[in-house]
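*Asks:* Coordinates only, no sequence provided:
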């Protein structure tokens, strides 16, 4: 399956947007969390700054999001994990309310009550969760709803390779296979479940092999390449839309930053990230587009300028929006 020119440009621009968004957040998040807090005896104050709490960024993992979401429609459902920004952006979640949510502002997707691990946008059928493995059961539910309604909409569950050792993974694959649900399970193998290498936590080299236990296709994408992901996802999405059931895809991807911002990353071999960045998927896709005659310097500069403008606007919106009123704490919650 070959992507159209429109899809190629969308994937490239969206990857650039994800990367700039994450790199901007990496800087904003550290505001107030480092010196002068060190002088107060605090090496890292996770509650300080304009974006308090944990922050998990996806720089380097862009191909997984765009390669899959290039095939999706607005009525398709995406459920992400605790590292969710790339999926949200690729699914079309608006940057302004998404960013405001991370700043804890009332203009956020959930009025500032969810934060970055709990982005919820019903209009664009996107949600995520900080619970490991929690993306799969809701995706099965969305797929079941689409099937019962008689539509050809699909659902996608994104999760890390560490989540495959959770019970929800096996239960969800079993249920989806049994009921032939239109759901695609996409595993991001970035080598580390927090700080634990895959080889130390998982008994097999590729989780895609586990699909055979449930009688469904298991696809291994060997490289952190948007076009390879696009091809695998296209087959899986088409299969789901035809009513032929689920597919499990595992993508070997790269995490350039820590598990969370502030992670000292002492578990990573020296020079690992530098080596990974030599195979950066964004310039790789850009070079491919240039060879096809789809991209040139002028268009590249135009796309990047537009991306920077959108991201600047989103972060300004997040910073300048008002906080919720204290008395709003008990609104919009279950009693």
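*Replies:* Structure's in. What do you need? These figures come from a predicted structure and were not determined experimentally.
*Asks:* Please spell out which residues along stretch 63-74 are buried.
*Replies:* 63-72 (16 or more other C-beta atoms under 10 Å). (Glycine included, C-beta is placed from N, CA and C.)
*Asks:* quick one: it to chain centroid distance?
*Replies:* Stretch 63-74 sits 11 Å away from the centroid of its parent chain (C-alpha atoms, centre = their mean, to the nearest Å).
*Asks:* Would you mind checking the average pLDDT for that stretch?
*Replies:* Taken as a whole, stretch 63-74 has an average pLDDT of 98.
*Asks:* And for the residue nearest to residue 217 when sequence neighbours are not counted, the neighbour number?
*Replies:* Excluding its sequence neighbours, the residue lying closest to residue 217 (C-beta to C-beta, 6 or more residues apart in numbering) is residue 247, at 4.8 Å. For residue 247, the count of nearby residues is 25 (other C-beta atoms under 10 Å).
*Asks:* Can you name the residues bridging to residue 247?
*Replies:* Residues in a beta bridge with residue 247, per DSSP bridges, are residue 184.
*Asks:* re the thing from before, just curious, which of the buried residues of stretch 63-74 is nearest to residue 143?
*Replies:* Taking C-beta to C-beta as the measure, residue 143 lies nearest residue 72 of these, at 12.9 Å.
*Asks:* SS state for that closest one?
*Replies:* Of the three states, residue 72 takes coil under DSSP: H, G, I helix; E, B strand; the rest coil.
*Asks:* isn't it right next to residue 152, touching?
*Replies:* No - counting by C-beta atoms under 8 Å, residue 152 is not a contact partner of residue 72; they are 12.0 Å apart.
*Asks:* which residues do these two both contact?
*Replies:* By C-beta atoms under 8 Å, 6 or more residues apart in numbering, residue 72 and residue 152 have no common neighbours.
*Asks:* before we move on, back to that, ok, of the buried residues of stretch 63-74, which one's closest to residue 191?
*Replies:* Relative to residue 191, the closest of those is residue 64; by C-beta to C-beta it sits at 13.7 Å.
*Asks:* Surely that closest one is in contact with residue 187?
*Replies:* No - counting by C-beta under 8 Å, residue 64 stays clear of residue 187, with 9.1 Å between them.
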